[in-house]
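*Asks:* coordinates only, sequence not included:
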């Protein structure tokens, strides 16, 4: 018997971590409050920053293309990016460590998360 999860269902699962805030952090945050405390930069994001598409391997993926030029508000080494909404931490990903200086700007590259088709 074949296994199937329709793309529309996979898309709904991928939309859950679509947040409204992107934090560039000095360590892996464990909550929204922790992401704020670890943040070197923050940028507002909207649904327009996300794009659902076929997965690279199978299934579906959701790609976030953040706005460019996020203002750096503290000095430190960034190594994680966190996505939150007004109350919850929704998604965390690693970033190539980069030294950031308060008063500058930082661009976060696009990244995706993917759900594979069932096997």
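*Replies:* Sure, I can see it. Model, not experiment: these values are computed from the prediction.

*Asks:* average pLDDT for the longest helix seen in the chain?
*Replies:* When the chain is parsed with DSSP state H, its longest helix is helix 7-15. Across helix 7-15, pLDDT averages out at 96.

*Asks:* what does it contact?
*Replies:* Identification of contacts with helix 7-15 by Cβ atoms under 8 Å, 6 or more residues apart in numbering yields 50, 52, 59-62, 113, 115. Bear in mind the C-beta positions are built from the backbone N, C-alpha and C, glycine included.

*Asks:* cool, and stretch 67-82?
*Replies:* The contact list for stretch 67-82, computed with Cβ under 8 Å, 6+ apart, reads 22-29, 35, 38-45, 49, 89, 91-108, 111.

*Asks:* same thing but at 7 Å, please
*Replies:* Contact with stretch 67-82 is made by 22-29, 35, 40-43, 45, 89, 92-95, 97-108, as judged by Cβ atoms under 7 Å, 6 or more residues apart in numbering.

*Asks:* In the protein, where's the longest strand?
*Replies:* If you go by DSSP state E, the chain has its longest strand at strand 89-100.

*Asks:* same for that one, what does it pack against?
*Replies:* Counting contacts by 3 or more Cβ pairs under 7 Å, 6 or more residues apart in numbering; DSSP states H and E, strand 89-100 packs against strand 76-84.

*Asks:* And the residue most central in space within the chain, how close does it get to residue 52?
*Replies:* For the chain, the residue nearest the mean C-alpha position is residue 83 (4.6 Å; Cα atoms, centre = their mean). Residue 83 is 15 Å from residue 52, where distance means Cβ to Cβ, to the nearest Å.

*Asks:* that older thread, just want the angle from the longest strand of the chain to strand 76-84.
*Replies:* Here the directions of strand 89-100 and strand 76-84 differ by 160 degrees (axes from the mean of the first three to the mean of the last three Cα atoms, to 10 degrees).

*Asks:* What's the mean pLDDT across strand 89-100?
*Replies:* If you average the pLDDT over strand 89-100, you get 97.

*Asks:* just for the chain, where's the confidence low?
*Replies:* Scanning the chain with the threshold set as pLDDT under 70 gives 1.

*Asks:* From the chain's centroid, how far away is the longest helix of the chain?
*Replies:* Relative to the chain's own centre, helix 7-15 is displaced by 16 Å; criterion: Cα atoms, centre = their mean, to the nearest Å.
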